[in-house]
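> Sequence first, predicted model second:
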Amino acid sequence: MPTAKPRPISLTTPLGGDVLWFHSLTGQESLGRPFVYQLVLLSENGQIAINDLLGKAITVELPTINDGQRFFHGCVTNFSQAGMLGRFHHYLATLRPWLWFLTRTSDCRIFQNMTAPDIIKQIFRDRGFSDYQESLSGTYREREYCVQYRETDFNFVSRLMEEEGIYYYFKHEPSKHTLVLSDSANSHGAVAGYAEIPFYPEEGHTARPDQMLSWKASQEVRTCKYALRDFDYLNPQANLESKATETRQHAHADLEVYDYPGLYAEASDGEAYVKTRLQELQAAHATVEAVGGPRGLSCGNLFKLIDHPRSDQNREYLVVSASYELLSPEYEGSDMEVVGSGFQIRLTAIASNIPYRAPRWTPKPFVQGIQTAMVTGKQGEEIWTDEHGRVKVQFHWDRAGQKDENSSCWIRVASTWAGNAWGAIQLPRIGQEVIVDFLEGDPDRPLITGRVYNADNKPPYTLPEKKTQSGVKSRTSKEGTVETFNELRFEDKKDAEQIYFHAEKDFDRVVENNDTLKVGFEKKDQGDQTIEIHNNQKLVVGNSEAKDGSQTIEIWNNRTETVKEGDENVTIEKGNRDIVVTKGNDTHHVGQGNREVKIDQGNDTLTITQGNQTIKISAGKSTIEAGTSIELKVGGSSIKIEPAKITIKSPEIAIQADMKLGAKGSMTEVSGDAMLTLKGGLVKIN
């Protein structure tokens, strides 16, 4: 029976069908990694422009059983001419997926409130690629803030997938290859004609195509426990420790990996992450390595092994990596007659019921040191914050940010003190430059640790002229100017030391116990105090709840009170008022106006222990009015005025009138108990 002539391997390039011929292919594929195919090509044309193929697609078609075909499609990322192979010109081409082009682009970008799959797909779309398929069965947390920082697009999407337990493989067609996002065996399937593959060892058997010739099953000790912990400052007391365990029946099956931080804020997310991390480590616990000739088998395919002498090996597997060697027949003679070809696959597989997670090959960028950023917020606002005192910023590297309330996540601001409803707070304002650090260098976890001046925002004091001044100076908001501020300033210049307070409007001071002010004490310098009040002053000492509400003022020298315009009122609602001048004078001077002393109930007493009292009225009159009596006393003498009479008593009374003395009444009595003497130049009686 004649043997059918094998169908040739075909090559499709942008140069046309007769320019390049396929000679050989070697390639590698792995789940979660870009494939790479190395092609050896032949041509009768030694002048092919190398640049004509760079970045363009090439397809290799390999015939399979039952008149099927399998395709190797990729983009030319490297093309070279390598001399002669026989009588043909020898060319080399490297094929990679469109995903590889993301290794040639890098960026600094911020993504907010998106899941990892959504971010990945946006990167693909932004770079103009649409040949991908989402085949995910899991649910993924929304990331409030996710930063691509100084890393290629490829590294960024790769580490997002690796963090979430997502991987990918490729489906090849005549004119394209499609990236398939996967997270479970449900997204994989068998290739028609290769659902079952027999095992025939090379020893003692005739080699047959589409069979496995070599099969090595292995197991290795892997970590069986994984633990993560994190801290959520919005819920500081939450227990965010998560653990996952896999039971294995071998020695040392209790090895644990513990890591911090877990980069999650919900306990449910922590449970998902430790499960994914443990599956990542356990995926390589039991593997097989096989060599054979199944042309249709590729990375990401399912197949069932049959006819293996160990029954536990005859089961379904998932191909997690594969390498290929494909050789076309040599070209002999002018008619290029095909005389033979070969194909071999070397693969690594795991049981299909074992969840596969790609290893975390891609490191997360580490921010080397601190950065600065500009505080941003909603248009029309000067201060943009939330209930936790957080602010938003625009990083200098962020090209997409609009310098608004969406430029970043809410970022905490470090403070000198931070207690429960106590501490220090100074909120950065829009337009200010702040210092940003990152927790453990993670670009997703910024923290504002300080502020700096710049050419737009200069210090409040002119430097270096006022280099001895320090302090705190704020600005009225909204629409404040250089003239509207609160300030506490220290001047440390020798012999000009000063502490300066300025309150733009009100200044309230609360002292729970004692308040002591010393001016000029314990210093060689004399000390003055000046208080100027433009409007009113009210001083309240004590209240109804205070055991003692007294005020004591002690003045060593002079005290002057001047009320330039208006009244002075002193009211003592209950108690006494004592004014004691130990030595010196007490003067009350009313320049113009009246002086009135009013006692509603009680007495008015003036006591002069030593000295005189003089009442002088230069112009006008003096009126003394009493309800019952007025009495003047000097020793044993007195004058008493009562509503009905006036009584003058004294050992001797002298009445002298320089001109005339008159005494008149309805009835007048003059008597002398011992003697009565009336004298005059002329005495008239009646």
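It's in.

> strands paired with the helix or strand residue 77 falls within, and their directions?
Assigned by DSSP states H and E, residue 77 belongs to strand 68-85. When pairing is defined by DSSP bridges, strand 68-85 lines up against strand 57-64 (antiparallel), strand 88-96 (antiparallel).

> mind checking which of these is nearest residue 282?
strand 88-96 (30.1 Å; C-beta to C-beta). Where you see a C-beta, it was placed from the backbone N, CA and C, and this is true even at glycine.

> can you list contacts of that closest one?
20-21, 27, 34-46, 48, 53, 58, 72-84, 331 (C-beta atoms under 8 Å, 6 or more residues apart in numbering).

> Any stretches of the stretch 401-550 of the chain with poor pLDDT?
521-527, 544-549 (pLDDT under 70).

> for the stretch 101-250 of the chain, same thing?
In the stretch 101-250 of the chain (pLDDT under 70), the answer is 202-207.

> Is it possible to mark the buried ones in the contacts of strand 88-96?
Buried residues within the contacts of strand 88-96, counting neighbours by 16 or more other C-beta atoms under 10 Å: 20-21, 27, 34-37, 39-43, 48, 53, 58, 72-77, 79, 331.

> And residue 308, what's its pLDDT?
You'll see residue 308 listed with a pLDDT of 94.

> who are the neighbours in contact with it?
Counting by C-beta under 8 Å, 6+ apart, residue 308 has contacts 199, 215, 314.

> Let's see the pLDDT reported for the last one.
Reported pLDDT at residue 314 in the predicted model: 97.

> Could you check how many residues crowd around it?
When neighbours are counted by other C-beta atoms under 10 Å, residue 314 registers 15.

> Same check on the one 3 residues further on?
By other C-beta under 10 Å, 23 other residues sit near residue 317.

> Also residue 493?
By other C-beta under 10 Å, neighbour count at residue 493 equals 11.

> Same check on the one 3 residues further on?
Taking other C-beta under 10 Å as the neighbour definition, residue 496 ends up with a count of 8.

> Quickly find the element holding it.
Applying DSSP H and E, one finds residue 496 in no helix or strand.

> Just give me how far the lengthiest helix in the chain sits from the chain centre.
Scanning the chain for the helix with the most residues, using DSSP state H, yields helix 267-282. For helix 267-282, the distance from its own C-alpha centre to the chain's C-alpha centre is 27 Å (C-alpha atoms, centre = their mean, to the nearest Å).

> Offset the numbering so it begins at 825, please.
Taking 825 as the first residue, the last one we looked at is helix 1091-1106.

> for whatever helix or strand comes next after it, packing partners?
Sequence order places strand 1110-1116 as the next helix or strand after helix 1091-1106, per DSSP H and E. For strand 1110-1116, the packing partners by 3 or more C-beta pairs under 8 Å, 6 or more residues apart in numbering; DSSP states H and E come out as strand 1036-1043, strand 1166-1175.

> and the ones you listed, which is most packed in?
strand 1166-1175 (a mean of 19; mean count of other C-beta atoms under 10 Å).

> Could you give the number of residues near residue 958?
The number of residues near residue 958, taken as other C-beta under 10 Å, comes to 13.

> Hmm, it is touching residue 945, no?
Yes - at 7.2 Å, residue 958 counts as touching residue 945 under the criterion of C-beta atoms under 8 Å.

> So which residue is dead centre in this structure?
Centroid check for the chain by C-alpha atoms, centre = their mean gives residue 1235 as the closest residue, at 1.2 Å.

> dump the residue contacts of it.
The neighbourhood of residue 1235, defined by C-beta under 8 Å, 6+ apart, consists of 1214-1217, 1260, 1270-1272.

> again, but for residue 1196
1220, 1257-1260, 1276.

> Tell me what it is bridged to.
Under the criterion used (DSSP bridges), residue 1196 bridges to residue 1259.

> Could you list the buried residues of stretch 1056-1068?
Of the residues in stretch 1056-1068, those buried (16+ other C-beta under 10 Å) are 1064, 1066-1068.

> Next, the distance between the ends of it.
21 Å (C-alpha to C-alpha, to the nearest Å).

> Contacts for that stretch next, please.
1049-1055, 1086, 1088-1089, 1091, 1094-1095, 1097-1099, 1101-1102, 1212, 1236.

> Show me how to select, in PyMOL, the buried members of these.
Per 16+ other C-beta under 10 Å, the buried members of those correspond to this PyMOL selection:
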select buried, resi 1049+1050+1051+1052+1053+1054+1086+1088+1089+1091+1094+1097+1098+1099+1101+1102+1236
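
> Could you pull up the contacting residues of residue 1412?
Contacts of residue 1412 by C-beta under 8 Å, 6+ apart are residue 1419.

> A strand includes it, no?
No - per DSSP: H, G, I helix; E, B strand; the rest coil, residue 1412 lies outside any strand segment and is coil.

> ok, it to residue 1270 distance?
71 Å (C-beta to C-beta, to the nearest Å).

> go on, residue 1300?
29 Å.

> Residue 888 now?
On the measure of C-beta to C-beta, residue 888 and residue 1270 end up 54 Å apart.

> rewinding a little: excluding sequence neighbours, find me the nearest residue to the residue nearest to the centre of the chain.
In space, and not counting its chain neighbours, residue 1235 is closest to residue 1270: 5.1 Å by C-beta to C-beta, 6 or more residues apart in numbering.

> Same question for residue 976.
residue 930 is the one closest to residue 976 (C-beta to C-beta, 6+ apart), at 4.5 Å.

> For stretch 995-1013, measure first residue to last.
11 Å.

> Give me the distance between the strand holding residue 901 and the centre of its chain.
Offset of strand 892-909 from its chain centre (C-alpha atoms, centre = their mean): 50 Å.

> Check stretch 1104-1124 too.
Taking mean C-alpha positions (C-alpha atoms, centre = their mean), stretch 1104-1124 and its chain are 45 Å apart.

> can you check stretch 1039-1049 too?
With C-alpha atoms, centre = their mean, you get 43 Å for stretch 1039-1049.

> quick revisit: report the buried members of the contacts of residue 1235.
1215-1217, 1260, 1270, 1272.

> show me the residues around the residue nearest to residue 976 that make contact.
Here residue 930 is in contact with 974-977 (C-beta under 8 Å, 6+ apart).

> Of the buried residues of stretch 1056-1068, which belong to strands?
1066-1068 (DSSP state E).

> Where do the helices of the protein begin and end?
Using DSSP H, helices in the chain cover 940-950, 977-988, 1091-1106.

> what residues does the second one touch?
Residues outside helix 977-988 that contact it (C-beta under 8 Å, 6+ apart): 856, 858, 923-924, 926-927, 929-931, 940-941, 943-944, 947-948, 951, 962, 964, 970, 972, 975, 990-992, 1005, 1007, 1087, 1100, 1182-1188.
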